[in-house]
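Peer 1: Following is a predicted model, sequence given first.
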Amino acid sequence: MAKNILVFEIDERPLGIAADLVVEVVRAVTPLSLPRVPETVMGIINLRGEVVPVLDTRRCLRLSVMPVRHTDHLVIIRDDGLRYALHADRAVDLATLQSDGTDDEDESSGPNGKLVKTTLGFVQLLTPSDLLDAEDRVVLASIVTSSPTSEKQD
């Protein structure tokens, strides 16, 4: 069975994430920064009444930090009930993972994700565990549960 990958770019570098994790892609807005969060968390956005933490994907990948630009995108993903956004320079397209008859073990592993062949060329495939550790997941969950817009208003 073919696996779909959402391909996005950071510094013209093609990255991907499993399409089944992607909820939607939206134009980027500057997130509201928060105190005492990991430096990989840019802040939060209000997405149609839901608080969504935004990860600085560049920091997660140890790339140079850039401010949010009006041409950027946010890739909203759901991972084990946790919903958050990945900041990207631009979302490119959906691609299909290509199999050349070799095992997954033959794919090149990098420090963050592995290099895979898709219908759009080679892409560094990321998983949520490449971007978040267990402590970061706890912090993101606490941001969402403690925010005023996530509580019921009377």
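Peer 2: The structure has been received and is ready for your questions.

Peer 1: what about the helices in this structure?
Peer 2: Per DSSP state H, the chain carries helices over the ranges 57-60, 128-131, 134-146.

Peer 1: Which stretch among those helices is buried most, on average?
Peer 2: Neighbour counts (mean count of other CB atoms under 10 Å) averaged over each of the helices of the chain peak at helix 57-60, with a mean of 20. (C-beta placed from N, C-alpha, C; glycine too.)

Peer 1: From the chain's centroid, how far away is stretch 48-67?
Peer 2: Relative to the centre of its chain, stretch 48-67 is centred 8 Å away, using CA atoms, centre = their mean, to the nearest Å.

Peer 1: Give me the buried positions along that stretch.
Peer 2: By neighbour count on 16 or more other CB atoms under 10 Å, the buried set for stretch 48-67 is 51-61.

Peer 1: repeat for stretch 79-95
Peer 2: Applying 16+ other CB under 10 Å to stretch 79-95 flags 79, 83-89, 91-92, 95 as buried.

Peer 1: Restricting to C-alpha, output stretch 38-58 in CSV.
Peer 2: Listed in CSV are the C-alpha atoms of stretch 38-58, where the atom choice follows Å, rounded to 0.1, in the frame of the first residue of the first chain:
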residue,chain,number,x,y,z
PRO,A,38,10.9,25.1,25.6
GLU,A,39,12.7,27.2,23.0
THR,A,40,11.3,24.9,20.3
VAL,A,41,7.8,26.3,21.1
MET,A,42,7.2,29.5,19.2
GLY,A,43,3.9,30.2,21.0
ILE,A,44,0.2,29.5,20.4
ILE,A,45,-2.4,30.5,17.8
ASN,A,46,-6.2,30.5,18.0
LEU,A,47,-7.4,28.3,15.2
ARG,A,48,-11.2,28.7,15.0
GLY,A,49,-11.5,28.8,18.8
GLU,A,50,-8.9,26.0,19.5
VAL,A,51,-5.6,26.8,21.1
VAL,A,52,-2.8,25.2,19.0
PRO,A,53,0.9,25.3,20.0
VAL,A,54,3.3,26.2,17.2
LEU,A,55,6.7,24.4,17.0
ASP,A,56,9.7,26.2,15.6
THR,A,57,10.6,23.5,13.2
ARG,A,58,13.9,25.2,12.4
